[in-house]
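Chemist: Okay, structure incoming, though there's no sequence with it:
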Ligand code: FAD
Ligand code: SF4
Ligand code: SF4
């Protein structure tokens, strides 16, 4: 083993420089700076090159982490990038927004008492260095193929599939109802986690390589799904999940109570320079307001931190379980606390109060009772514990369900699960319809970017195998 590694004993964990909370809460720029080159090599050298690397096992893409850490420690960054990009279509994005504390880093088994290797930050550093040096290119297929593939949805699942299929030489058209590429990367996740130029840079590379984007085009409305199938040899559905979960409570319909994604889309559009009338008249702007966010996942954390940056007077997050039971990344919760968000854990809204619009939330304290069927502790109301929080704006971040896709595509034989997600074959993403595959949140339910990339790549591989077999005469077209 190289003498450059195993340095975790003498070198402490150091993340790239983080901008102080007081500064970063005033703008939408990313909160981490890049590693300096010597610091990246140093941090990569903390890896103990495990025989069974649990970091890799728990990365949904099974990235070859120990090997690219070793190459980084040795300063062989072009090779490190080649390795990192062999399994991950967008390593610079995962390096920024994967919940590493639950995935690779959370499973790094550096000896007890030592903190994990900073895997995500090194992955980001390798890829940013590759962009700076011109090592990152779009797909360059060795030969063109006639077969054409239509991809519905330009989020991470659709883009990862487009990239891989284009590398094989297929003719790719990606359709999206939005006016920009990226799905939730562009319109859900705020700039302070992922700057929009990072996504635009990837979209440009795909476009240069021959991928055609048909934006502002909704399948099921502007183009029928049957028509789309007629235009392409294969279709991939990667439409994500967008139906916001709601709750029943007195006053829930009052103006000022808004689905979280409406707020985040408005803020992201504003940041991109678009005209957003609802923002300009204050309906979706937290400035000088008391903001309450209901929920404890990634979307809730993005809302509270966005409201802080908009200049809200006070931002409160109401979550019905305790901090340890929050579904989102603990790191993100820590950032929100540092940035001044008030957390009311073990609290749930009972009623929304106000006349013409919301003025306050009446909440009640909870305690955690016995586990439910999924093993999570069930929150129970503490009688007589209600309290009131001032609120000019309330954002509901209770999760997302799929829109009724078979209905929207007028395709009753497109089979769905009881949760409304698409039913697909394990690992291939094949749906119940011939030559139609699916990937990402529309299959898993609301999940993670890294899983969307994984699914997009798996579906692309399955599509390629089927089209190859058909071209060689082994499989007949249906
Ligand atoms: P999406 O990204 O949702 O993309 C689907 C695309 O399909 C969209 O562009 C949509 O416009 C398009 N579309 C839908 N229907 C049609 C149609 N009929 N015709 C044409 N186009 C259509 N994950 C992380 O890993 N880390 C995070 O920090 C993180 N933060 C998040 C924050 C928020 C606020 C949210 C909502 C999610 C977050 N996630 C995060 C989850 C992550 O964004 C998703 O799991 C991921 O984007 C799913 O990718 P996808 O390609 O399946 O779908
Ligand atoms: Fe970790 Fe995500 Fe990178 Fe995998 S893709 S190594 S989970 S940051
Ligand atoms: Fe290196 Fe940690 Fe992965 Fe082991 S688990 S190979 S120490 S990064």
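Modeler: Yep, it's here. Just so it is clear, the model here is predicted, and its values are computed rather than measured. Residues are numbered from 1 along each chain as shown. Ligands and ions are numbered 1, 2, ... in the order given.
Chemist: Roughly how far does the closest residue to ligand 2 within the stretch 101-250 of the chain sit from ligand 3?
Modeler: Of all residues in the stretch 101-250 of the chain, residue 104 sits closest to ligand 2, with a separation of 3.2 Å (Cβ to the nearest ligand atom). The C-beta positions use only the backbone N, C-alpha and C, and glycine is treated the same way. Distance of residue 104 to ligand 3, computed by Cβ to the nearest ligand atom, to the nearest Å: 7 Å.
Chemist: separation between that residue and ligand 1?
Modeler: Applying Cβ to the nearest ligand atom, the value for residue 104 to ligand 1 is 12 Å.
Chemist: Phi first, then psi, for that residue.
Modeler: Reported as degrees, to the nearest 10, the phi and psi values for residue 104 are phi -60, psi -50.
Chemist: Enumerate the residues of the stretch 151-300 of the chain near ligand 1.
Modeler: Taking Cβ under 6 Å from any ligand atom, the part of the stretch 151-300 of the chain that reaches ligand 1 is made up of 152-158, 175-178, 183-184, 188-189, 193, 218-220, 238-240, 264, 298-299.
Chemist: Buried members of those residues into PyMOL, please.
Modeler: Under the burial definition 16 or more other Cβ atoms under 10 Å, those of those that qualify are selected in PyMOL by:
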select buried, resi 152+153+154+155+156+157+158+175+176+177+178+183+184+188+189+193+219+220+238+239+240+264+298+299
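Chemist: Narrow the residues of the stretch 151-300 of the chain next to ligand 1 to those in helices?
Modeler: Using DSSP state H, 156, 157, 158, 184, 264, 298, 299 are the members of these that sit in helices.
Chemist: Surely the last one and residue 397 touch.
Modeler: I take that to be residue 299. Yes. In terms of Cβ atoms under 8 Å, residue 299 counts as a neighbour of residue 397; the distance is 4.3 Å.
Chemist: overlap in contacts of the two?
Modeler: Taking Cβ atoms under 8 Å, 6 or more residues apart in numbering as the criterion, residue 299 and residue 397 both touch residue 260.
Chemist: And what about residue 446, helix, strand or coil?
Modeler: Three-state secondary structure (criterion: DSSP: H, G, I helix; E, B strand; the rest coil) places residue 446 in coil.
Chemist: From residue 110, how far off is it?
Modeler: 32 Å (Cβ to Cβ, to the nearest Å).
Chemist: Also residue 148?
Modeler: Distance of residue 148 to residue 110, given as Cβ to Cβ: 48 Å.
Chemist: neighbour count winner among the two?
Modeler: residue 110 (18 against 15; other Cβ atoms under 10 Å).
Chemist: wait, that one sits on residue 119?
Modeler: No. Using Cβ under 8 Å, residue 110 is not in contact with residue 119, being 11.0 Å away.
Chemist: What strand or helix carries the residue of the stretch 351-478 of the chain found nearest ligand 3?
Modeler: Scanning the stretch 351-478 of the chain for proximity to ligand 3 using Cβ to the nearest ligand atom identifies residue 450 as nearest, at 16.2 Å. According to DSSP states H and E, residue 450 maps onto helix 449-471.
Chemist: tell me which strands and helices that helix is in contact with?
Modeler: The contact analysis (3 or more Cβ pairs under 8 Å, 6 or more residues apart in numbering; DSSP states H and E) places helix 449-471 against helix 91-97, helix 156-167, strand 234-237, strand 436-438, helix 441-444.
Chemist: hang on, isn't residue 265 packed against residue 186?
Modeler: No. The pair residue 265 and residue 186 does not pass the contact test of Cβ under 8 Å, sitting 9.3 Å apart.
Chemist: coming back round to it: quick one: the residue of the stretch 101-250 of the chain closest to ligand 2 from residue 333, how far?
Modeler: If you go by Cβ to Cβ, the gap between residue 104 and residue 333 works out to 19 Å.
Chemist: just to revisit the earlier point, could the helices and strands packed on helix 449-471 go into a markdown table alongside distance to residue 57?
Modeler: Conversion of the helices and strands packed on helix 449-471 to a markdown table gives the following (distance: least, Cβ to Cβ, whole Å):
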| stretch | distance to residue 57 |
| --- | --- |
| helix 91-97 | 16 |
| helix 156-167 | 21 |
| strand 234-237 | 28 |
| strand 436-438 | 26 |
| helix 441-444 | 19 |
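Chemist: CSV please, covering the ones you listed and showing mean pLDDT and distance to residue 379.
Modeler: Listed next are the helices and strands packed on helix 449-471 as CSV, based on pLDDT from 0 to 100; distance: least, Cβ to Cβ, whole Å:
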stretch, mean pLDDT, distance to residue 379
helix 91-97, 97, 28
helix 156-167, 98, 32
strand 234-237, 98, 35
strand 436-438, 98, 34
helix 441-444, 98, 25
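Chemist: Of all the ones you listed, which one comes closest to residue 337?
Modeler: Each of the helices and strands packed on helix 449-471 was scored for nearness to residue 337 using Cβ to Cβ, and the closest is helix 91-97 (19.1 Å).
Chemist: so what does the very next helix or strand once past the closest one touch, helix or strand wise?
Modeler: Past helix 91-97, heading to the C-terminal end, the next element that is a helix or strand (DSSP H and E) is helix 119-132. Using 3+ Cβ pairs under 8 Å, 6+ apart, the elements in contact with helix 119-132 are helix 37-44, helix 65-73, helix 77-87, helix 91-97.
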